[in-house]
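Colleague: Sharing a model that was predicted from the sequence below.
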Amino acid sequence: MDPVPLPCSYKGGTGRMMALVNASWILASNGKRVLLVDWDLEAPGLHRYLRPFLVARSPWRCPGRSC
């Protein structure tokens, strides 16, 4: 199993999320499988960095539960 880097800091605004997203993008661009999990339950922000790459699905266009 490959090692898993885990940036930790109790202080906010240190750039952990930006560094994590950039490193993940580089790994994924080189064919590696990447899983990003935002464990900040009070103020999740991972979706803000990935918004340009996410496919928006409208719940009104989905037939039943197939979406």
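Modeller: Alright, I've got the coordinates. Note that this is a predicted model, so its numbers are computed, not measured.
Colleague: Residue 54 contacts residue 47, correct?
Modeller: Yes: under the criterion of CB atoms under 8 Å, residue 54 makes contact with residue 47 at 7.1 Å. Just so you know, the C-beta spots here come from the backbone N, C-alpha and C atoms, and that holds for glycine as well.
Colleague: what about residue 38, neighbour count?
Modeller: Residue 38 is flanked by 15 other residues according to other CB atoms under 10 Å.
Colleague: That one: what's it in contact with?
Modeller: 17, 44, 45, 46, 47 (CB atoms under 8 Å, 6 or more residues apart in numbering).
Colleague: Turn those residues into JSON lines, including neighbour count.
Modeller: Conversion of these to JSON lines gives the following (neighbours: other CB atoms under 10 Å):
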{"residue": "17", "neighbour count": "19"}
{"residue": "44", "neighbour count": "11"}
{"residue": "45", "neighbour count": "10"}
{"residue": "46", "neighbour count": "16"}
{"residue": "47", "neighbour count": "9"}
